[in-house]
Structure formats: C-alpha cells, structure tokens
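1. The following block contains a protein sequence and its predicted model.
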Amino acid sequence: MEAIPPVPPRILIVDDDDSVRDVISVLLREEGYNCVVASGAEMALDLASQEETPLVISDMKMPGKDGLWLLEQLRERYPDTSVIMLTGYGDTESAVDCLRRGAVDYLLKPPKLTDLIRAIERALAKRRIELARKRYQKKLERKVRDRTTELRNALRDIAHTYQSTLLALVAALDAREHETSDHSQRVVRYTSAVAERMGIKGQELEEIGRGALLHDIGKIGVPDAVLLKPGKLTPEEWQEMRKHPDIGFQMIQNIPFLATPAQIVLSHQERWDGQGYPRNLRGQEIHIGARIFAVADTLDAMTSDRPYRKGTTFANAIAEITRCAGTQFDREVVRAFLDIGEQALIKIKEDMHLRKLTLVQAEAQAQEAEATLARLTDDLDDIDQSIPGPGSPGPAPRATSPAAPPPPAPAVGTAASTASRPEQAVVLSVLAGGRQGNSRD
Ligand SMILES: [Fe+2]
C-alpha cells in the first residue's frame, strides 16, 4: 500500500504589493508549500479564522491596518500561529519591535528564496517543538491533577480511619465506665459549641474537639478496682486516678496529628485558680481547649444520670458553672458558654440521643428484615423442592382419603409462590433503608 504523503503546512502570505505577494507564493508553491495570499491585514485575519494556519509571512507597511496590528491580532487570537515579518531596508527598529511583540523572525524585502525557506523551516520547527512542549505540559498538568485528587482522597480516607479508630477507642473507654455512656462524644459537642462561640474555627477547632474526645484516654491505665469502684476513693486510689491525664498524654504525644489534643488531655483536670492537677497550672497557662473542655465536662457530668444519683437540670448546671467562673473556670469561656443559652445546650444533648436511637432502631430493623428474608428464602427453597422437574418421578405419593382429595402441589407462578414476593421486596427495601441509615452516620 502506498504511503499518503504528509499535507504541506498552510502558509499565508500578506502583502499589499501584488508582485511581491505573487512571486513569493509561486516560489513557495514550487517548493511544495501550501500557500494562500491576502492583500491586507484584515483579509489575512479573516483567512486565518477559516482554517488552521501554522505560518503567516506578512509585510510591515500596508495601507489601513499594518503588519504590527496583524501580528498583535494573530498573537492574541491564534497563539500557535508563527509570524515572519518582512521589513524594508534600514527599518531595523521596526524589526526589533516585531520580535518583541512575538514575531518568530524578520526578513528584509525582497527576501532571497534560500533565506525565506530557511526562515520558514526554522519557524515551523520551532512551532512543532512549542506545540509538543504544550502537549507535554498539558499531559503533565493532567497527571498532577489526577495524582493530587488521588492523594487528597487517600488523605481523606486516612483521616476518616484515624477518626474511626479514635471513636472506637473512646467508645471502648466509655463502655468500661458504664455510667458515662457517650459522655466523651457529648462533651465534644458542648466543647465545640463553646469554642465556635469564641470564634475558634478550622484546624484549631478540630484539634480542640479531638482533645475533648480523648480527654480521659489515660483512664485505660487506671485499674478497674479504682475506676469502677462504686464508693468513695481512698487517698491512695485518688493518687492512682490522678495519673490519668499524664498517662493519656504519654499515650498520644508522639502521634503527630495529636500533638495539640495531647496538651488538652494533659491539662483537662486543671482549674483556672490553680487548684487542679497534675501540674497546678493556672489561668492562661492552661490550654484554651482544656479551659473550654472543663466547662463542657462539668455540664455533662451534672446533667447525666449516674447509678447512684439522678442528673440535675441544665438550669442548675448553668447556675453552678456561672458561680464557679473565675475560680474553677475561665470567665471568658463561661461568658461564651452562657451566650449559647440553655435551650441550645439541651438541644445538643437531645439531638445526640435521637441520633443514637435512630441508629439503634435502624440496626434492629435491619436485623429483623434479614431474619425475615432468611425465613422466606427457606420457604421458597421448600416450595422449589416440592415442584417436580422435567423427567423427575414427582413428589412422593401422599396418603389420601376418598373424601378429601389431596391439594395440588404449588407450582411456580401460582398464588402460593407469588404471594411471598411483595413481602420479599418490602424486606429488601427495609434492608436497604437500614443500611443507608447506617452509612449516613
Ligand atoms: Fe478526666
């Protein structure tokens, strides 16, 4: 098969002088170039808009719009088009100006054929390299964009996994101290609400939330006999208990993204007046996250039921926290806390409770639906087995009496088999609903 010769590049020759224009185009056609001609700048621009034009050779001085105007228009509209300017003898200044404005070359009029061809080949080669460079750059940019997206997704997955791990850890801790079910997560909500009210946002807000979530992580190191003791603690047991901020700090301080939360864990039992532990820090020495946490923790402790006492009202807890502003708590934190208002605080707790209920209900619903589905599948299997297949001997004969003829065996598509299918569909939709509910949270 004969190879198709490459199409010669389109060259547009622009000159108001017919003779120059015709000579150049005839010579270039003889050399195998595909030439089009224009007698002025505007006509040239019109021709360039009709078809891709890799190269324009234009005279500088033309009546009406001149070569410089054409050069600027081409650079702006068709940046991939190369332009060679033809200048009169002694007009070096204009030639330099052309190069500055983006022309690839200039030739003195009338150009020698060899010079012209050399300039054309140079310009086209330069253009090919430039186009290849642009293609490569685009490819590279697309690759970088794809990799960035992949990396961002991977980071998001890692962050999600970190968060899930922390939640699992804290849930285990809350489960160990039976009376503080969900305490850590509620405290996170109260802490974040106060922090936001104080104008804290972004990463700082996230770190404070994480510190609140992990505040009692060090209780993992407190023996059950002390942590779960129903009665009052002895001084020695208190000594054990008071180690938990330090244990928690030691546990997480070397995890880079938990460096700030570790500070909150270490300081969460400190008091504004310096009467806390383990370091007796006072005032602003205590991390702001820990100062906010202290208020949130007290609110949750006072308003939650314990096996040995009922939780008090939010109004009572708020009054007590207000009373302790300036001693146990930072006044500014208490001010922001009071700004939130009793109803909004109650709503935080109710929302969390509702969410948990929804999750539990969805889980129970899903389990029930799965059990029903399993039962229905068994029933269908039984029905299928009782249908005689082609060439099979059929079901075993039943003992019948002449008075009561045996009922016909159910067949595929009969009322007996189709009746169960809508039920199956409902079960499947419930299952799907239950699972969606889980994944949303
Ligand atoms: Fe604690």
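-> Alright, I've got the coordinates.
2. Strands along the stretch 201-350 of the chain, start to end?
-> With DSSP state E, counting those that start in this stretch, there are no strands along the stretch 201-350 of the chain.
3. Helices of that one, residue ranges please.
-> Counting by DSSP state H, counting those that start in this stretch, one finds helices in the stretch 201-350 of the chain at the ranges 202-213, 224-227, 235-241, 244-252, 259-267, 288-303, 314-323, 331-340, 342-386.
4. Would you format these as JSON lines with mean neighbour count, distance to residue 22 and mean pLDDT included?
-> Glycine gets a C-beta too; all of them are placed from N, C-alpha and C. As requested, the helices of the stretch 201-350 of the chain are exported to JSON lines (neighbours: other C-beta atoms under 10 Å; distance: least, C-beta to C-beta, whole Å; pLDDT from 0 to 100):
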{"stretch": "helix 202-213", "mean neighbour count": "20", "distance to residue 22": "70", "mean pLDDT": "94"}
{"stretch": "helix 224-227", "mean neighbour count": "14", "distance to residue 22": "101", "mean pLDDT": "88"}
{"stretch": "helix 235-241", "mean neighbour count": "13", "distance to residue 22": "102", "mean pLDDT": "93"}
{"stretch": "helix 244-252", "mean neighbour count": "20", "distance to residue 22": "84", "mean pLDDT": "93"}
{"stretch": "helix 259-267", "mean neighbour count": "24", "distance to residue 22": "79", "mean pLDDT": "95"}
{"stretch": "helix 288-303", "mean neighbour count": "24", "distance to residue 22": "83", "mean pLDDT": "95"}
{"stretch": "helix 314-323", "mean neighbour count": "16", "distance to residue 22": "96", "mean pLDDT": "96"}
{"stretch": "helix 331-340", "mean neighbour count": "18", "distance to residue 22": "85", "mean pLDDT": "96"}
{"stretch": "helix 342-386", "mean neighbour count": "13", "distance to residue 22": "84", "mean pLDDT": "76"}
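5. Residue 177 is nearest to which of these?
-> The closest of the helices of the stretch 201-350 of the chain to residue 177 is helix 224-227. By C-beta to C-beta, the value is 6.3 Å.
6. Name the surrounding residues that touch that closest one.
-> Contact with helix 224-227 is made by 176-177, 219, 233, 237, 240-241, as judged by C-beta atoms under 8 Å, 6 or more residues apart in numbering.
7. what do you get for stretch 156-164?
-> Counting by C-beta under 8 Å, 6+ apart, residue 257 sit against stretch 156-164.
8. and that stretch, average pLDDT?
-> Regarding stretch 156-164, the rounded mean pLDDT is 85.
9. now stretch 168-188
-> For stretch 168-188, mean pLDDT rounds to 77.
10. Kind regards, and thank you for your time.
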